[in-house]
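In: any chance you can model this:
(one chain, ligands or ions: 2)
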Amino acid sequence: MAPETRTQSQPEKRSEPTAATRVDANRPVAEPRPEDIDPTAVFDLEDLSVYYGSFRAIRNVDMTVCQKQITAFIGPSGCGKTTLLRCFNRMNDLVDIARVEGKVLYHGVNLYDSAVNPVEVRRRIGMVFQKPNPFPKSIYDNIAFGPKVAGVKGDLGEVVERSLRRAALWDEVKDRLKDSAMGLSGGQQQRLCIARALAVDPEVILMDEPCSALDPIATGRIEDLMEEIKSEYTILIVTHNMQQAARVSDRCAFFTAEVNETSDTRTGILVEFDRTEKMFSNPSDERTENYVTGRFG
Ligand SMILES: Nc1ncnc2c1ncn2[C@@H]1O[C@H](COP(=O)(O)OP(=O)(O)O)[C@@H](O)[C@H]1O
Ligand SMILES: [Mg+2]
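Out: Numbers count the residues shown, from 1 in each chain. Ligands and ions are numbered 1, 2, ... in the order given. Predicted coordinates for the structure are as follows:
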């Protein structure tokens, strides 16, 4: 969507230029002006597109993510949900051919600004992957690793206990902290990965289909856990499970893939983004309705 169209169709959105683009001799580029920041907005995506080489995987996304809410991304496979999620903490930097256009504003600061340190970004904005990926180390070391790297000194026992408690795993592992994390069940491993993400005190947790490798009981425990921690964290979750999106999220974004006839490729677009309750009961776009009612072709 062209900026001028966006201004017309979404008049509530703040007008250009934004804090990160305005040139002001007295302020560094990366520092936003207080009046430009919506206090409840953690992220503002502005006209975001992601390419792999010349292939555009997702295009022109505008979206605001609010703090201490669970925001879910749904849509068919291949429509760019993972690609988009990975922009929120610059994980796409690790993919050689990936290129990001547009802005990811985090509290008004563009994460892709050259002055921004991606390591610090990933400390504040943690990630939990589809497949639980504990380090082949002890339960204790898995949790203590991040704080150690971040320079936390001394006895990390307290951080380990607090993180495991927050991730609802403490009672199950407190007597075997020195055992290998690889001996835990899949559901326990995923909660361990959540505890590991929480151990460095992030503000945001990104979760990419965190339950897709888990059974329904383990899935239920992760969903309960998300509900418990959302008063303290902003959570973004990609899920292929619409019931899960309906159960856990406050706001929900539906993406689909547009076919480009000439190149025979598919590009993801954001179709609709609204309160979850509205997305599932009375969506504005017919494509959303077809998808959430299972009539998607
Ligand atoms: N590392 C990559 N290199 C090239 N293409 C990729 C890469 N990762 C994803 N893609 C392509 O980008 C599109 C979106 O993929 P993805 O973000 O994984 O979708 P989703 O998570 O919605 O299933 C797909 O066409 C996929 O093949
Ligand atoms: Mg994916």
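In: the spatially most central residue of the chain and ligand 1, how far apart?
Out: Centroid-nearest residue in the chain, with CA atoms, centre = their mean: Leu206, separated by 3.2 Å. Going from Leu206 to ligand 1 by CB to the nearest ligand atom, to the nearest Å gives 12 Å. From N, CA and C alone the C-beta is placed, and that goes for glycine too.
In: direction included, what does the helix or strand hosting that residue pair against?
Out: Here Leu206 is covered by strand 204-208, with elements defined by DSSP states H and E. Each strand paired with strand 204-208, and its direction, by DSSP bridges: strand 125-128 (parallel), strand 234-238 (parallel).
In: ligand 1: which of those is closest?
Out: Ligand 1 lies closest, by CB to the nearest ligand atom, to one member of these: strand 234-238, at 6.3 Å.
In: alpha carbons only: can I get that closest one in CSV?
Out: The C-alpha coordinates for strand 234-238 follow below in CSV (Å, rounded to 0.1, in the frame of the first residue of the first chain):
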residue,chain,number,x,y,z
THR,A,234,4.1,-9.2,25.0
ILE,A,235,3.7,-12.4,23.0
LEU,A,236,3.5,-13.1,19.3
ILE,A,237,2.6,-16.6,18.2
VAL,A,238,2.4,-18.2,14.8
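In: pull out the buried positions in that strand.
Out: In terms of neighbour count (16 or more other CB atoms under 10 Å), strand 234-238 has its buried residues at Thr234, Ile235, Leu236, Ile237, Val238.
In: what do you get for stretch 210-221?
Out: In stretch 210-221, counting by 16+ other CB under 10 Å, buried: Pro210, Cys211, Ala213, Leu214, Ala218, Thr219, Arg221.
In: stretch 48-67: how far from the chain's middle?
Out: Relative to its parent chain, stretch 48-67 has a centroid offset of 13 Å by CA atoms, centre = their mean, to the nearest Å.
In: quick one: residues in contact with the strand holding Leu206.
Out: Around strand 204-208, the neighbours that count as contacts under CB atoms under 8 Å, 6 or more residues apart in numbering are 42-43, 81-82, 85-86, 88-89, 124-130, 194, 197-198, 226, 229, 233-238.
In: residues in the stretch 101-250 of the chain within reach of ligand 1, list them.
Out: For the stretch 101-250 of the chain, the contact set with ligand 1 under CB under 6 Å from any ligand atom is empty.
In: among the buried residues of stretch 210-221, which one lies nearest to ligand 1?
Out: Of the buried residues of stretch 210-221, the one sitting nearest to ligand 1 (CB to the nearest ligand atom) turns out to be Pro210, at 13.2 Å.
In: just checking, that closest one touches Arg221?
Out: No - counting by CB atoms under 8 Å, Pro210 does not reach Arg221; the two are 11.2 Å apart.
In: low-confidence ranges, the protein, go.
Out: By pLDDT under 70, the weakly predicted segments of the chain are 1-38, 297.
In: can you pull out the helices in it?
Out: Counting by DSSP state H, the chain has helices at residues 3-9, 81-85, 118-124, 139-149, 157-166, 170-173, 186-198, 216-229, 242-248, 276-281, 286-292.
In: distance of the closest residue to Cys211 other than its chain neighbours relative to Arg191?
Out: Nearest residue to Cys211, sequence neighbours excluded (CB to CB, 6 or more residues apart in numbering): Thr219, at 4.1 Å. Separation of Thr219 from Arg191 (CB to CB, to the nearest Å) stands at 11 Å.
In: do the same with Ser185
Out: On the measure of CB to CB, Ser185 and Arg191 end up 10 Å apart.
In: who has more neighbours, the two?
Out: Applying other CB atoms under 10 Å to Ser185 and Arg191 shows that Arg191 carries more neighbours, namely 28 against 13.
In: wait, that one touches Leu225, no?
Out: Yes - the criterion here is CB under 8 Å, and Arg191 meets it with Leu225 at 6.6 Å.
In: who touches both of these two?
Out: With contacts taken as CB under 8 Å, 6+ apart, the residues that reach both Arg191 and Leu225 are Ala167, Ala168.
In: re earlier: which of the helices of the chain is buried the deepest?
Out: helix 186-198 (a mean of 24; mean count of other CB atoms under 10 Å).
In: what angle separates it from helix 216-229?
Out: Relative orientation of helix 186-198 and helix 216-229, computed by axes from the mean of the first three to the mean of the last three CA atoms, to 10 degrees: 20 degrees.
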